[in-house]
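Enquirer: can't give you the sequence, but here's the structure:
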């Protein structure tokens, strides 16, 4: 499937709006996972607004399933849920408050549109594998998408799931690794380097596609290609910039989970305004 | 006395569930020939997921199957089904209250030859502490079979601990298993013994001996450890001089603790002395037979008799 320049342009605008929603959740002084949410935002925009089957009812049985295994970046999903009408815009103000709709990590019981409970890292790909098994058993063609972090790949369970998904030839599952190169305390290279990422996924039997995770055309093409892959699961290694779009936060571990000060927040608002204008 | 093998009963019940309920799936981690989940796998290969020796993946994948409308039975030895994937059970399964049924097989000391790494002294405790989790510990083969079928219908996560041995039948096979209900198997007036699993049989034996000595012991089968039948525990303890709990598991945080929590939350007269019999704060060890281990860890009828005598 070829995407038109107009479609790509619209999705860029979506992504800009989602980044705008993102900063609405974390006003000055409020701690939030800005870095990892903005690095995956372009992929999220492509998934919810073009690639996946998405309906007004977040529980529609025809829907495709998206699970953030890197659950701390759930703010990216919340940003999309507002646009999809799953949650009120007002709810963005109350992220991570007592008994709020938008919890600090994905919680299906609290938030319409969330498909599982994740956040304890390493588990989401296995959950998605079980979903893919279940859909296949029921002869349904819904697809399952899993967002992983590159730091998260140190969790052994990821590779248990990777091995099993290939062994069972699960082709209704597509994982996207947000390769932003930075984790909680430092760069991935300094914490636990993994120079063979692509070879590793290939060796585990996955169709492996490497893209620029901020290039909308590349994102769409890769996700479309994944739909056509038969007999094996697909992983998209999306090279991204942590904190993408927010220059003061880009590439910084300090903004893995941090609060903006007033000056940074004003700057962030200016930056998203510009993004919306330019898109 | 009629006996039955608990793991065979489990495997047979799972197989029958597979026949009656197309939504039931089973997962295992290379121990299906021991847990007997392979009985299900042989008949329903498309609904049986051999996950390899990867319990964490097995549990989270069970969650995914439950999320797509299936009832997922995850099978391994009790140690590898509870402690090893504890966080997967906690996060993927228990928080969202999913229909994942975890079978901890070869529980307690029943895998006598394999020693400390394979004997579950802690599974009751760590499963009991999880919010939303139900914990079952059948006393015999018939109760195991009934329980498995009830678990499939029960919404939310469950843990069942299954002994690997041939054990005497102590429950009434015609009586249905009721979740969260204590069952008095023998009436008595002096002391109440709350027991679970194979320890129910040991307690009934102890009660016989106590009777000969003029002590009337009530024996209660605690097949559901969580949710605990608090009212049932209080009623069974009412008017007794003492209570004894018996479990083939650590004395810390298991059945004994649960009974104490129930009794101390009740009215003043329910706060009777409680003796907790179980594995002292230690791991297991190898032996040549199950009975040898039960003797070593003081889980024999004579140990229960001695405890009762020391309390009256």
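Expert: The structure has been received and is ready for your questions. Keep in mind the model is a prediction, meaning the values are calculated, not measured.

Enquirer: Quick check, pLDDT for the closest residue to chain A within the stretch 1-150 of chain B.
Expert: The nearest approach of the stretch 1-150 of chain B to chain A comes at residue B:64, 2.2 Å away (C-beta to the nearest C-beta). From N, CA and C alone the C-beta is placed, and that goes for glycine too. According to the prediction, residue B:64 has pLDDT 98.

Enquirer: And it, its phi and psi?
Expert: As for residue B:64, its main-chain torsions (degrees, to the nearest 10) stand at phi -60, psi -40.

Enquirer: What's the local residue count around it?
Expert: Residue crowding around residue B:64 was assessed by other C-beta atoms under 10 Å in any protein chain shown; the count is 33.

Enquirer: The closest residue to it other than its chain neighbours in helix, strand or coil?
Expert: The spatial neighbour of residue B:64 that comes closest, neighbours along the chain excluded (C-beta to C-beta, 6 or more residues apart in numbering or on different chains), is residue A:130 at 2.2 Å. Per DSSP: H, G, I helix; E, B strand; the rest coil, the local secondary structure of residue A:130 is helix.

Enquirer: Residue A:130 touches residue B:68, doesn't it?
Expert: Yes. Here residue A:130 reaches residue B:68: they are 7.5 Å apart, a contact under C-beta atoms under 8 Å.

Enquirer: Neighbour count for these two, which is higher?
Expert: Between residue A:130 and residue B:68, residue A:130 has the larger neighbour count (other C-beta under 10 Å), namely 35 against 24.

Enquirer: Tell me how far that one lies from residue B:62.
Expert: Applying C-beta to C-beta, to the nearest Å, one obtains 6 Å for the distance of residue A:130 from residue B:62.

Enquirer: any residues in contact with both of those two?
Expert: The overlap between the contact sets of residue A:130 and residue B:62 (C-beta atoms under 8 Å, 6 or more residues apart in numbering or on different chains) consists of residue B:72.

Enquirer: give me every residue that touches the residue of the stretch 1-150 of chain B closest to chain A.
Expert: Applying C-beta under 8 Å, 6+ apart to residue B:64 gives the contacts A:116, A:126-134.

Enquirer: Can you name the residue of the stretch 51-200 of chain A nearest chain B?
Expert: Proximity of the stretch 51-200 of chain A to chain B (C-beta to the nearest C-beta) peaks at residue A:130, 2.2 Å away.

Enquirer: Residue A:208: what's it in contact with?
Expert: Contacts of residue A:208 (C-beta under 8 Å, 6+ apart): A:198, A:201-202, A:234-235, A:237.

Enquirer: so which strand or helix has it?
Expert: The secondary structure element spanning residue A:208 is strand A:207-212 (assigned by DSSP states H and E).

Enquirer: what pLDDT, on average, does the helix or strand just after that strand get?
Expert: Helices and strands here follow DSSP H and E; after strand A:207-212, the next one along the chain is helix A:216-228. When pLDDT is averaged over helix A:216-228, the result is 98.

Enquirer: just stretch B:251-270 next, same as before
Expert: Averaging pLDDT along stretch B:251-270 gives 96.

Enquirer: in it, what counts as buried?
Expert: By neighbour count on 16 or more other C-beta atoms under 10 Å in any protein chain shown, the buried set for stretch B:251-270 is B:251-252, B:254-260, B:262-263, B:266, B:270.

Enquirer: Give me the distance from stretch B:245-262 to the chain's centre.
Expert: Relative to the chain's own centre, stretch B:245-262 is displaced by 12 Å; criterion: C-alpha atoms, centre = their mean, to the nearest Å.

Enquirer: Just the terminal-to-terminal distance for it.
Expert: From the first residue to the last, stretch B:245-262 extends over 12 Å; the measure is C-alpha to C-alpha, to the nearest Å.

Enquirer: And the strands in chain A?
Expert: With DSSP state E as the criterion, chain A has strands at A:65-68, A:144-149, A:173-179, A:207-212, A:234-239.

Enquirer: which strands and helices sit next to the second one?
Expert: What it means is strand A:144-149. With contacts defined as 3 or more C-beta pairs under 8 Å, 6 or more residues apart in numbering or on different chains; DSSP states H and E, the secondary structure elements packing on strand A:144-149 are strand A:65-68, helix A:124-137, strand A:173-179.

Enquirer: Just put those in TSV and tack on mean pLDDT.
Expert: Written out in TSV, the entries for these read as follows (pLDDT from 0 to 100):
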stretch	mean pLDDT
strand A:65-68	98
helix A:124-137	98
strand A:173-179	98
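
Enquirer: Minimum distance to residue B:73: which of the ones you listed has it?
Expert: Minimum separation from residue B:73 across those (C-beta to C-beta) falls at helix A:124-137, 12.8 Å.
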